[in-house]
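Asks: Let's see this in three dimensions:
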Amino acid sequence: MAYEVEAPKYVRLAQTIQRRIEDGTYPPGTRVPSENQLVQAFGMSRPTVVRALDLLKRDGWLESRQGYGTIVRGRPEVVEQKDRRGREALERDESQASGRLVEVGRVPVPARVASMLGLPKRAHALMRRFLVEADGGPAELVSSYFPADLAEGTDLGASEVLSGSAREHLEARRKVRFDHVTERVSARLPSSDEAVLLELPDAVPVLSVLVVALDASGQALQVADVVLPGDRQELEDTYRLN
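Replies: Just a heads-up that it's a prediction; the model follows:
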């Protein structure tokens with residue numbers, strides 16, 4: 001089964017505008033072409049152009065100024081500087097990480113993970129579960145889920161630790177490309193196996209960071225559930241207000 005899906009038109013247009021910002025065609029502080037000019041230049045509909053511009057504004061590449069139009073801000077510095085747990089989970093080299101591989105195999109997918117992967121309820125997927133250790137004890141438990149057909153022809157199903165990240169394996173073997181990540185943080189009580197692996201006392205909650213890695217078309221390639229002991233975590237973020 002081929003897993004390469006062409007990105008929607010508005011995403012491709014947004015990527016083109018991003019490249020023009022980065023190569024200096026649209027320098028920071030200048031106005032981008034009007035909606036009419038973009039419609040004519042790219043042969044796309046106005047709704048497609050509007051959606052692409054909205055995406056770039058949301059991500060911090062552009063901003064609207066009343067009476068002046070849409071202005072180029074440039075590559076969002078805050079986004080580039082963020083240290084995200086999702087990136088760590090996707091790019092971790094198991095062979096170099098402190099910890100151990102706990103489980104590998106096809107498992108029933110939790111309902112919320114199945115929804116993210118676009119799989120039906122009670123479907124099975126390949127799971128790799130890695131226990132990260134720090135200061136001599138368990139620090140986080142990462143359960144990564146992959147559509148079974150996408151994992152075929154890779155080393156993801158091997159019971160040995162990977163040399164290189166899961167992302168590298170998928171991009172090299174299946175010719176897919178990771179484009180963006182969505183993270184959802186929630187608090188819950190741990191399952192019995194999570195409590196044992198993380199050495200949690202009774203009634204201690206965990207933080208679950210659900211990391212959804214997608215290609216440019218919005219197709220999920222990997223979902224990682226990063227489980228952190230709630231009594232040992234403090235989340236902090238810094239972001240621009242203007």
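Asks: Kindly list the main-chain dihedrals of the residue located most distally from the centre of the chain?
Replies: Within the chain, Gly67 marks the point farthest from the mean C-alpha position, 36.0 Å out by CA atoms, centre = their mean. Dihedral pair for Gly67: phi 80, psi 0, per degrees, to the nearest 10.
Asks: Against Ala224, how distant is Gly74?
Replies: Per CB to CB, to the nearest Å, Gly74 is found 30 Å from Ala224. Every residue, glycine included, has its C-beta placed from N, CA and C.
Asks: cool, Ser34 as well?
Replies: 41 Å.
Asks: what do you get for Gly153?
Replies: Gly153 is 21 Å from Ala224, where distance means CB to CB.
Asks: Point to the residue nearest the middle of this structure.
Replies: Val181 (1.9 Å).
Asks: What sits closest to that residue if chain neighbours are left out?
Replies: Using CB to CB, 6 or more residues apart in numbering and skipping the chain neighbours, the partner closest in space to Val181 is Gly86 (4.6 Å).
Asks: list the contacts for the one you found?
Replies: Val181, Glu183, Val209, Val211, Ala213, Ala224, Val226 (CB atoms under 8 Å, 6 or more residues apart in numbering).
Asks: Would you mind checking those for buried ones?
Replies: Taking 16 or more other CB atoms under 10 Å as the criterion, what is buried in these is Val181, Val209, Val211, Ala213, Ala224, Val226.
Asks: and which of those residues is nearest to Ala139?
Replies: Using CB to CB, Val226 comes nearest to Ala139 of the buried ones among the contacts of Gly86, at 10.5 Å.
Asks: Could you look up the SS state of the closest one?
Replies: The assignment at Val226 comes out as strand when based on DSSP: H, G, I helix; E, B strand; the rest coil.
Asks: Quick one: residues contacting it.
Replies: Val226 neighbours (CB under 8 Å, 6+ apart): Arg85, Gly86, Ala89, Glu140, Leu141, Val142, Ser208, Val209, Leu210, Val211.
Asks: continuing past the least confident helix or strand in the chain by mean pLDDT, what's the next helix or strand?
Replies: Here the helix or strand of the chain ranked lowest by mean pLDDT, DSSP states H and E is helix 77-81, holding a mean of 49. Beyond helix 77-81 on the C-terminal side, the first helix or strand identified by DSSP states H and E is helix 85-91.
Asks: Now do the buried residues in that following helix.
Replies: Arg85, Gly86, Glu88, Ala89, Leu90.
Asks: low-scoring stretches of this structure, by residue?
Replies: Scanning the chain with the threshold set as pLDDT under 70 gives 1-7, 77-85, 233-242.
Asks: quick one, domains of it?
Replies: Domain assignment for the chain by automatic domain parsing gives 9-79, 83-232.
Asks: how far does the first one sit from the chain's center?
Replies: What that stands for is domain 9-79. In terms of CA atoms, centre = their mean, to the nearest Å, the gap separating the centre of domain 9-79 from the centre of its chain is 23 Å.
Asks: about what we covered before: could you give the bridge partners of the residue nearest to the centre of the chain?
Replies: As for beta bridges, Val181 partners with Ala213 under DSSP bridges.
Asks: List the contacts of it.
Replies: With the criterion set at CB under 8 Å, 6+ apart, Val181 makes contact with Arg84, Gly86, Arg87, Leu90, Val211, Val212, Ala213, Leu214.
Asks: and if you look at Ala139?
Replies: By CB under 8 Å, 6+ apart, the neighbours of Ala139 are Gly99, Val132, Glu133, Leu228, Pro229, Arg232.
Asks: just the helices in the chain please.
Replies: Assigned by DSSP state H, the helices in the chain fall at 9-22, 35-42, 46-58, 77-81, 85-91, 111-117, 148-151, 166-173, 192-197.
Asks: in the first one, what's buried?
Replies: Of the residues in helix 9-22, Lys9, Tyr10, Val11, Arg12, Leu13, Ala14, Gln15, Ile17, Gln18, Ile21 count as buried by neighbour count, 16+ other CB under 10 Å.
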